[in-house]
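Chemist: coords below, sequence missing:
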DNA sequence: GTTAAATGTGGACAAAGTCAACTAAAGGAG
DNA sequence: CTCCTTTAGTTGACTTTGTCCACATTTAAC
């Protein structure tokens, strides 16, 4: 593989690390971290969500996940319901309060995107979007 | 701005958070963190690098940066030379050992890229690369 | 039925990051 | 030059985040 291509990819990775870093630090007038937000998001997207899926999906240590979930439960953002078919597992659900928080987070995240694209023309925005789709599709095929 | 576009962008951001996460956790059979690697990289890229530039560029707290640099100096990866024209500043340089480490890190990082693209055709790789260039250019114009 | 694997928890700890107070030097404005 | 402000960096005390290991329980596999 060409050195120059690798160079460009790494340059993009550094660049996008910075973009995401700004996004994720800025994340939230709420008192919750990016990780917690991602967990809430994943729970809301899945019909039968258990801790171990989150561990794999978000690449977080099991014990750490356990503690985060306990905290979220304590703050009544999520509920755990022990599975009837496999009592090792707990099914995870957002509470009303959790859904509301996630809603807030989504609004703020949308705002961040809007700011990121502020000043660009519709056509430029569309170019970026299409480029993102290309990257995601191609790499997705390839294990991600 | 269209809801659907925002949705796609955020999907990409989640996706690429995961990609970079894997990269950066995997980062290194060496005993150094991503942040330390980035600092070494930035020092090597600049002719007159001082701590405060790194603070701004990498978005890291001043006090934290101070400690990291002290550690890197102690491990003889970098050197500080107090500026003659402004004695508040220290100019930062990689030592031989630091350059060697960065070299190793670069080799490993290149390998990661190669793995990421493993199985894709040259044409697909080029599509991805071009897409990355588009994103970087357009967003770069826009403050990043 | 015994062994192995999966799921989750808890303790103890280490690494990463933050906040505020501080020193010291440089850059003005008068 | 003197006073004030800004910039660069350091230090202490702290919180948050993340890791490692041992463990209990339950299910799956042979």
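Modeler: The structure has been received and is ready for your questions. This is a predicted model, so every value here is computed, not measured.
Chemist: which residues of chain A fall in helices?
Modeler: Counting by DSSP state H, chain A has helices at residues A:3-26, A:34-45, A:51-58, A:62-74, A:96-116, A:122-141.
Chemist: what about the residue positioned nearest the centre of chain A, distance to DNA strand C?
Modeler: Residue closest to the average C-alpha location in chain A (Cα atoms, centre = their mean): residue A:38, at 3.9 Å. Plainly put, residue A:38 is 16 Å away from DNA strand C if you go by Cβ to the nearest atom of the strand, to the nearest Å. Heads up, the C-betas are built off the backbone N, CA and C, glycines and all.
Chemist: Just give the closest residue to that residue, not the sequence neighbours.
Modeler: Spatial nearest neighbour of residue A:38, excluding adjacent residues (Cβ to Cβ, 6 or more residues apart in numbering or on different chains): residue A:58 at 5.8 Å.
Chemist: That neighbour: neighbouring residues, count only.
Modeler: Close neighbours of residue A:58, defined as other Cβ atoms under 10 Å in any protein chain shown, add up to 17.
Chemist: got the contact list for it?
Modeler: Contacts for residue A:58 (Cβ atoms under 8 Å, 6 or more residues apart in numbering or on different chains) come out as A:35, A:38-39, A:42, A:65.
Chemist: Could you count how many residues lie near residue A:73?
Modeler: Neighbour count for residue A:73, taken as other Cβ under 10 Å: 16.
Chemist: wait, it sits on residue A:80?
Modeler: Yes: here residue A:73 reaches residue A:80: they are 6.0 Å apart, a contact under Cβ atoms under 8 Å.
Chemist: List the buried residues in stretch A:114-133.
Modeler: A:116-117, A:120, A:124-125, A:127-129, A:131-132 (16 or more other Cβ atoms under 10 Å in any protein chain shown).
Chemist: and DNA strand D, which of the residues you listed reach it?
Modeler: Among the buried residues of stretch A:114-133, proximity to DNA strand D is found for none (Cβ under 7 Å from any atom of the strand).
Chemist: just the residues you listed that are near chain B?
Modeler: A:116-117, A:120, A:124-125, A:127-129, A:131-132 (Cβ under 8 Å from any Cβ of the partner chain).
Chemist: just curious, which of these is nearest to DNA strand C?
Modeler: Distances from DNA strand C to those, taken as Cβ to the nearest atom of the strand, are shortest for residue A:116 (20.1 Å).
Chemist: nearest spatial neighbour of the closest one, skipping sequence neighbours?
Modeler: Nearest non-adjacent residue to residue A:116, counting by Cβ to Cβ, 6+ apart: residue B:139, 7.0 Å away.
Chemist: Run a quick neighbour tally on the one you found.
Modeler: A total of 18 residues lie near residue B:139 under the criterion other Cβ under 10 Å.
Chemist: For chain A, list the residues in contact with DNA strand D, please.
Modeler: A:33, A:35, A:60-64, A:85-88.
Chemist: how does it look with 6 Å?
Modeler: With Cβ under 6 Å from any atom of the strand as the criterion, chain A meets DNA strand D at residues A:33, A:35, A:61, A:63-64, A:86-88.
Chemist: can the residues you listed go into JSON lines with extra columns for neighbour count and pLDDT?
Modeler: Converted to JSON lines, the residues of chain A next to DNA strand D look like this (neighbours: other Cβ atoms under 10 Å in any protein chain shown; pLDDT from 0 to 100):
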{"residue": "A:33", "neighbour count": "13", "pLDDT": "92"}
{"residue": "A:35", "neighbour count": "16", "pLDDT": "94"}
{"residue": "A:61", "neighbour count": "10", "pLDDT": "96"}
{"residue": "A:63", "neighbour count": "9", "pLDDT": "98"}
{"residue": "A:64", "neighbour count": "11", "pLDDT": "98"}
{"residue": "A:86", "neighbour count": "10", "pLDDT": "94"}
{"residue": "A:87", "neighbour count": "8", "pLDDT": "94"}
{"residue": "A:88", "neighbour count": "8", "pLDDT": "95"}
